[in-house]
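**Q** Quick one, what's the 3D model for this:
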Amino acid sequence: MSFATPPSSSPASVGAAPGNARQPAPSTGSLAVVLIWLWGSAALVFAMALIGAITRLTESGLSIMEWNLLAGTFPPLSEAEWLRVFDEYKLTGEYQKQHLGALSMKGFKQIFWWEYIHRLWGRLIGLAFLAGLVVFAIARFRGRWPQLAWLMPHTVFGFVLICFQGFLGWYMVSSGFDTDLIDVSAYRLAAHLSLAVIILLYFVGLGVRARSGPLPFSAAHWLNLPTALLVLVLATLVSGAFVAGLNAGLVYNEFPTMGEGLVPPDYRSSLPLLRNPFENPVAAQFHHRIFASVTVLLVAIFAVIFARRAGPGPVRFWALAALLAVFAQYLLGVVTLLYAVPIPLGTAHQGGALILLMSITLWRAHNNG
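**A** Numbers count the residues shown, from 1 in each chain. Just a heads-up that it's a prediction; the model follows:
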């Protein structure tokens, strides 16, 4: 892997298609429309991730026990409907083991609305992206925007990802309907969050490529340090998803030690060795600390190296943005842990992870040319 910044490309080579055929730049108007669509979709997904964080932190995810794409667009409109929805929630293990006899209708409505907003926002993302896709397809059918033709299959794939994310969200929520459980599956939560991040970064990457044009496939575009750092931060985020899914942020609210030392005494449990990292809250938090510490160290080192070698320009800007983001995220994570994950800090910590990932994605994209 190389951390050298690629040499400046000439206008004839930047974004060249295979066979060295350079497409002419798209018109300003067509490019603006596509960029608004892609970046707007990315912004909606970013907001969705924050809403999802609040939904999880308020333990609202199991408050809606059914999935109906059309009818589910509308909330309960009568007292009888509210009673029916509340009675369905009372069947969950979460209610029976945590809220039995203590949750009023008013309290139920508070958690219901967060899950409802989360689902409604997901529908908004799907409709907004589909509307843009239809406009794009019509323009292409009429022979317009030929320089952006390469984007079509990528945007169709993006819509497929959105649809699959909706299914994955329901698959995650349904895991908490078992009366023996009080939370959704941490594995499914990690998968749901990971796909949301992939969709966000995919749209961000497409936005960059829409401006500069497609790149021919090259191993050098993937086997480089910004890509390695991106994978490392993604792994750290996944480890954080298991911390969230296991409520592991509520144990060992101290730093840097966990108990009497850096390694907690109850790191090992009665769980099988391969399941322990993903089902033992103590192990999950310990691993997240390790991932986060390695991440802040490596991102800081290589961001400084790239910024010094690149000179003024987008590579330096986004490398320094990643440097700032990784330190802020690490500090925010420590404070969130010390205060036992209050909702505002927990939400900000998830948002900080996304900002860091987007910074490295843009650093990587500009480094590739």
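**Q** what does the helix-or-strand element of the chain with minimal mean pLDDT rub up against?
**A** Taking mean pLDDT, DSSP states H and E as the measure, helix 93-94 is the helix or strand of the chain with the lowest mean score, a mean of 88. Where contact means Cβ atoms under 8 Å, 6 or more residues apart in numbering, the residues beyond helix 93-94 that reach it are 59, 62, 176, 178-183. No exception for glycine: its C-beta is placed from N, CA and C like everyone else's.
**Q** Repeat that for stretch 122-131.
**A** Outside stretch 122-131, the residues touching it (Cβ under 8 Å, 6+ apart) are 37, 40-41, 44-45, 48, 69, 73, 155, 158-159, 162-163, 165-166, 169.
**Q** Can you give me the buried ones in the helix or strand where H154 lies?
**A** Here H154 sits within helix 151-174, counting by DSSP states H and E. When neighbours are counted by 16 or more other Cβ atoms under 10 Å, the buried residues of helix 151-174 are found to be 151, 154-155, 158, 161-162, 165-166, 168-169, 171-173.
**Q** same question, stretch 131-143
**A** So for stretch 131-143, counting by 16+ other Cβ under 10 Å, buried means 132-133, 136, 139.
**Q** now swap in stretch 229-238 and tell me
**A** Within stretch 229-238, the residues scored as buried using 16+ other Cβ under 10 Å are 229-230, 232-234, 236-238.
**Q** what does stretch 324-341 give?
**A** Going by 16+ other Cβ under 10 Å, stretch 324-341 has these buried residues: 325-326, 329-330, 332-333, 336-337, 341.
**Q** just stretch 271-286 next, same as before
**A** Buried residues in stretch 271-286, counting neighbours by 16+ other Cβ under 10 Å, are found at 276, 278-286.
**Q** Other residues contacting that stretch?
**A** Contact with stretch 271-286 is made by 186-187, 239, 242-243, 246-252, 258, 263-264, 266-269, 287, 337, as judged by Cβ under 8 Å, 6+ apart.
**Q** Nearest the geometric middle of the protein, what residue?
**A** Taking Cα atoms, centre = their mean as the criterion, V197 is the residue nearest the geometric centre of the chain, at 2.6 Å.
**Q** Quick check: mean pLDDT of the helix or strand hosting that one?
**A** Under DSSP H and E, the secondary-structure element containing V197 is helix 186-212. Throughout helix 186-212, pLDDT has a mean value of 95.
**Q** now the strands for the chain?
**A** Defined through DSSP state E, the strands belonging to the chain form an empty list.
**Q** rewinding a little: by contact count, what packs against the helix holding H154?
**A** helix 105-141, helix 186-212 (3 or more Cβ pairs under 8 Å, 6 or more residues apart in numbering; DSSP states H and E).
**Q** Next, the buried residues of the longest one.
**A** By neighbour count, with 16+ other Cβ under 10 Å as the criterion, the buried positions of helix 105-141 are 108-109, 111-119, 121-122, 125-126, 129, 132-133, 136, 139.
**Q** Am I right that E254 is in contact with A340?
**A** No - in this structure E254 lies outside contact range of A340 using Cβ atoms under 8 Å: 10.5 Å.
**Q** Name the nearest residue to Y202, sequence neighbours excluded.
**A** Nearest non-adjacent residue to Y202, counting by Cβ to Cβ, 6 or more residues apart in numbering: G158, 6.0 Å away.
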